[in-house]
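Trainee: coords please:
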Amino acid sequence: MTVIGWTEIILFCAIIAALTKPLGWYLTRVFSGERTVLSPILRPVEAGLYFMSGVDEKREQHWVTYAVAMLLFHVGGFLIIYGLMRLQAMLPFNPARQGAVAEDLSFNTAISFITNTNWQNYGGESTVSYLVQMLGLTHQNFLSAATGIALAVALIRGFSRSSIRTIGNFWVDVTRCTLYVLLPICVVYALFLVWQGMPQTLGPYVEVSTLEGAKQTIAVGPVASQVAIKMLGTNGGGFFNANASHPFENPTALSNFVQTLSIFLIGAALTNVFGRMVGNQRQGWAILAVMGVLFIAGITITYWAEADGTTALNALGLSGGNMEGKEVRFGIVGSSLFAVVTTAASCGAVNSMHDSFTALGGMVPLINMQLGEIIVGGVGAGLYGMLLFVVLSIFVAGLMVGRTPEYAGKKIEAREVKMAMLAILVLPLMYLGWTAVAVVFPTAVASMANAGPHGFTEVLYAYTSATGNNGSAFAGLSGNTFFYNLTLASAMFVGRFFMIVPTMAIAGSLAGKKSVPPSAGTFPTTGGLFVGLVVGVILIIGGLTFFPALALGPIAEHLAMTAGNLY
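Mentor: Just a heads-up that it's a prediction; the model follows:
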């Protein structure tokens with residue numbers, strides 16, 4: 001580890017902290033329907049969309065109606081992506097003449113992108129056309145991200161409102177998020193990426209002659225527009241197979257740093273939105289502090305493990321850390337920071353191969369996802385996932401002092417605790433259950449590139465990534481098979497929607513309750529004790545669910561490598 005490396009990490013944290021409050025202020029105004037600097041331009045567009053779609057923006061929805069609208073919205077998104085991929089050969093903007101995508105792969109990809117997972121069992125430049133990239137995948141990147149943010153705001157309204165049966169209007173929230181937040185930022189962001197050297201063209205692939213005289217086809221396309229929302233919306237699906245390690249998706253060290261920042265940007269700002277809407281910004285800072293503690297612990301372990309290298313590399317005289325699977329232009333710190341950030345959020349973009357990380361370095365991204373990606377997390381999903389753990393933490397605190405727990409002026413009762421536990425426990429049920437099936441099913445075992453603990457980790461990582469709606473891969477598993485396409489799709493679907501519905505039930509329950517003023521017996525939720533309690537509950541619940549699997553995978557691999565039994 002170096003001073004320059006830690007300077008980059010500290011600078012990253014400082015910029016995120018500095019942008020949290022102003023962006024939180026702007027997001028609060030957007031979702032409160034207040035005037036913003038973009039209102040003179042975008043308000044007529046917004047009103048026109050409501051008129052054409054028959055939406056009454058002043059009519060709010062019960063949590064059940066809100067959830068049903070969200071689910072029907074995703075049915076439409078699934079049909080669009082699936083149809084585009086199956087009919088790809090007959091559609092325009094296909095200069096590479098890509099054929100129809102197989103049924104099971106189309107199904108997997110459609111589920112992947114509507115759930116904000118963006119898991120890809122294919123190489124983008126060799127499988128899908130420009131039209132599918134733009135109209136199918138980039139389009140859904142915006143809408144799945146907007147959905148996550150809208151759901152987080154709906155839950156915040158549950159805490160901030162009193163004796164009201166509604167939590168907002170799904171169609172209005174998604175429209176405002178897309179128009180006022182995602183689109184404006186992505187326009188500027190995409191221009192920056194083009195300046196850095198990223199392609200943005202509808203022209204055909206370029207054929208060139210190499211120095212040896214051979215012909216080489218260089219894939220290009222509308223890359224910058226997709227990468228901007230893939231990062232800002234914590235989607236992660238790459239235009240190219242190599243994702244953010246490809247020079248056309250991540251050309252420079254500056255583009256790498258900005259992309260890393262953009263992954264955390266909105267997720268961190270939503271904690272400030274929570275504080276503002278419940279009337280106490282310190283509540284939001286406390287939640288961000290919980291996220292910060294877990295993030296700093298994760299990046300410290302990963303950076304140390306990768307900078308320290310492995311016994312085998314050191315024995316060969318390759319000092320200076322583990323550079324296997326990493327881009328030289330990013331180095332160990334840029335790769336480690338990106339890996340921790342992309343799995344702490346539900347982004348899934350990668351600028352290095354996690355399969356080549358050391359056992360402990362690769363374990364941290366795995367843990368980040370198994371915790372539910374609540375360390376800032378995906379846009380919206382990270383906040384409502386963290387609030388589920390807050391509900392459980394407050395419940396534990398109430399048990400210790402013998403009184404009904406309260407948080408942000410609302411009593412936390414049996415209904416909220418049951419819904420929170422249901423949402424949290426469905427995640428390990430999926431990734432542990434499918435991993436157990438895959439490691440004994442012959443067809444699934446045949447897809448593993450490695451045997452032993454590392455091969456087990458490849459499978460565990462795939463199902464954890466799918467269930468957590470992350471989408472990053474360990475890069476050692478051949479997932480484009482009928483078995484993996486269907487089982488990973490089921491994990492993505494359950495991991496997204498079986499967590500959302502209980503969360504919306506909590507939002508509706510809280511919105512209908514009266515606000516309770518704090519008293520002498522109210523547990524303070526803005527200080528260090530609260531932060532420590534929430535961190536402890538997260539680690540205890542997480543450890544009980546995923547530690548046995550880690551012991552069979554990365555921990556066993558680390559012990560074997562230390563003893564010189566591997567490589």
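
Trainee: can we go C-alpha only for contacts and neighbour counts from here?
Mentor: Noted.

Trainee: show me what contacts F257?
Mentor: By CA atoms under 8 Å, 6 or more residues apart in numbering, F257 lies in contact with G334.

Trainee: So for the helix or strand containing it, mean pLDDT?
Mentor: Using DSSP states H and E, F257 sits within helix 253-277. Looking at helix 253-277 alone, the average pLDDT works out to 93.

Trainee: Kindly report the same for stretch 4-15.
Mentor: 93.

Trainee: cool, and stretch 402-414?
Mentor: Here the average pLDDT along stretch 402-414 is 82.

Trainee: Just after the one helix or strand V68 maps to, pick out the following helix or strand.
Mentor: Secondary structure assigned from DSSP H and E places V68 in helix 63-86. Using DSSP H and E, the helix or strand that directly follows helix 63-86 along the chain is helix 103-114.

Trainee: ok, and for that next one, which residues are buried?
Mentor: Across helix 103-114, burial judged by 16 or more other CA atoms under 10 Å covers 104-114.

Trainee: and that helix, how far from the chain's centre?
Mentor: 18 Å (CA atoms, centre = their mean, to the nearest Å).

Trainee: what comes into contact with that helix?
Mentor: So helix 103-114 is contacted by 74, 77-79, 81-82, 85-86, 118-121, 137, 140-141, 144, 235, 469, 471, 480, 482, 485-486, 488-489, 492-493 (CA under 8 Å, 6+ apart).

Trainee: Return a ChimeraX selection command for the buried portion of those residues.
Mentor: Only the buried members of the contacts of helix 103-114 enter the following ChimeraX selection, criterion being 16+ other CA under 10 Å:
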select :74,77,78,81,82,85,86,118,119,120,121,137,140,141,144,235,469,471,480,485,486,488,489,492,493
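
Trainee: out of the contacts of helix 103-114, which are inside helices?
Mentor: 74, 77-79, 81-82, 85-86, 140-141, 144, 482, 485-486, 488-489, 492-493 (DSSP state H).

Trainee: Pull up the gap between the closest residue to T545 other than its chain neighbours and I374, please.
Mentor: Leaving aside its sequence neighbours, T545 sits nearest to P428 (CA to CA, 6 or more residues apart in numbering; 6.4 Å). Distance check for P428 against I374: by CA to CA, to the nearest Å, it reads 15 Å.

Trainee: Which of those two has more residues huddled nearby?
Mentor: I374 (31 against 21; other CA atoms under 10 Å).

Trainee: from what I can see the more buried one touches A345, true?
Mentor: Yes: the pair I374 / A345 is scored as a contact, 7.1 Å apart, by CA atoms under 8 Å.

Trainee: Please enumerate the shared neighbours of the two.
Mentor: G382.

Trainee: residues touching L182, list them.
Mentor: 142, 146, 229, 232-233.

Trainee: Torsion angles phi and psi at it?
Mentor: Dihedral angles phi and psi of L182 (degrees, to the nearest 10) take the values phi -70, psi -50.

Trainee: G476 - nearest residue in space that isn't next to it in sequence?
Mentor: Among residues not flanking G476 along the chain, A449 sits closest, at 5.4 Å (CA to CA, 6+ apart).

Trainee: again, but for G197
Mentor: Here the residue nearest G197, using CA to CA, 6+ apart, is P251, at 6.1 Å.

Trainee: what do you get for G203?
Mentor: G203 sits nearest to G221 (CA to CA, 6+ apart), 6.7 Å away.

Trainee: Now do the one you found against K410, distance only.
Mentor: Distance from G221 to K410, by CA to CA: 51 Å.

Trainee: now S515
Mentor: 5 Å.

Trainee: same thing with A491?
Mentor: Applying CA to CA to A491 and K410 gives a distance of 33 Å.

Trainee: More neighbours: the two, which one.
Mentor: A491 (27 against 22).

Trainee: was I right about that one contacting A466?
Mentor: Yes: with contacts counted by CA under 8 Å, A491 reaches A466, the gap being 5.8 Å.

Trainee: residues shared between the contacts of those two?
Mentor: In contact with both A491 and A466: Y431, using CA under 8 Å, 6+ apart.

Trainee: can you tell me which residues contact the nearest residue to G279 once chain neighbours are set aside?
Mentor: Spatial nearest neighbour of G279, excluding adjacent residues (CA to CA, 6+ apart): S160 at 7.7 Å. Residues in contact with S160 (CA under 8 Å, 6+ apart) are 277-279, 408, 511.

Trainee: hang on, the earlier thing: identify all contacting residues around the helix holding V68.
Mentor: Against helix 63-86 from outside (CA under 8 Å, 6+ apart): 100-103, 106-107, 109-111, 114, 128, 132, 136-137, 140, 147, 165-171, 501, 504-505, 507-508.

Trainee: go with 6 Å
Mentor: The contact list for helix 63-86, computed with CA atoms under 6 Å, 6 or more residues apart in numbering, reads 100-101, 106, 110, 136, 170, 504, 508.

Trainee: For the stretch 451-567 of the chain, which segments count as strands?
Mentor: Counting by DSSP state E, counting those that start in this stretch, the stretch 451-567 of the chain forms no strands at all.

Trainee: Show me the shaky parts of it.
Mentor: The stretch 451-567 of the chain contains residues with pLDDT under 70 at 546, 548-567.

Trainee: can you pull out the strands in the stretch 301-450 of the chain?
Mentor: 406-407, 410-411.

Trainee: From the centroid of the protein, which residue is nearest?
Mentor: S346 (1.2 Å; CA atoms, centre = their mean).

Trainee: any idea how far M198 is from that residue?
Mentor: 23 Å.

Trainee: relative to its centroid, which residue of this structure is most remote?
Mentor: G213 (43.2 Å).

Trainee: Next, the contact list for that one, please.
Mentor: Counting by CA under 6 Å, 6+ apart, G213 has no contacts.

Trainee: Same question for the one 10 residues further on.
Mentor: Taking CA under 6 Å, 6+ apart, we find V223 in contact with 199-200.

Trainee: swap in V379?
Mentor: Taking CA under 6 Å, 6+ apart, one finds 148-149, 266-267 in contact with V379.

Trainee: looking at these, which has the most residues close by?
Mentor: Compared across the contacts of V379, G267 has the highest neighbour count, 30 neighbours, by other CA under 10 Å.

Trainee: Spatially nearest residue to that residue, not counting backbone neighbours?
Mentor: Nearest non-adjacent residue to G267 (CA to CA, 6+ apart): V379, at 4.8 Å.

Trainee: Next, work out how far apart V501 and A145 are.
Mentor: For V501, the distance to A145 - CA to CA - is 17 Å.

Trainee: who has more neighbours, those two?
Mentor: A direct count of neighbours by other CA under 10 Å for V501 and A145 places A145 higher, at 27 against 21.

Trainee: Sounds good, over and out.
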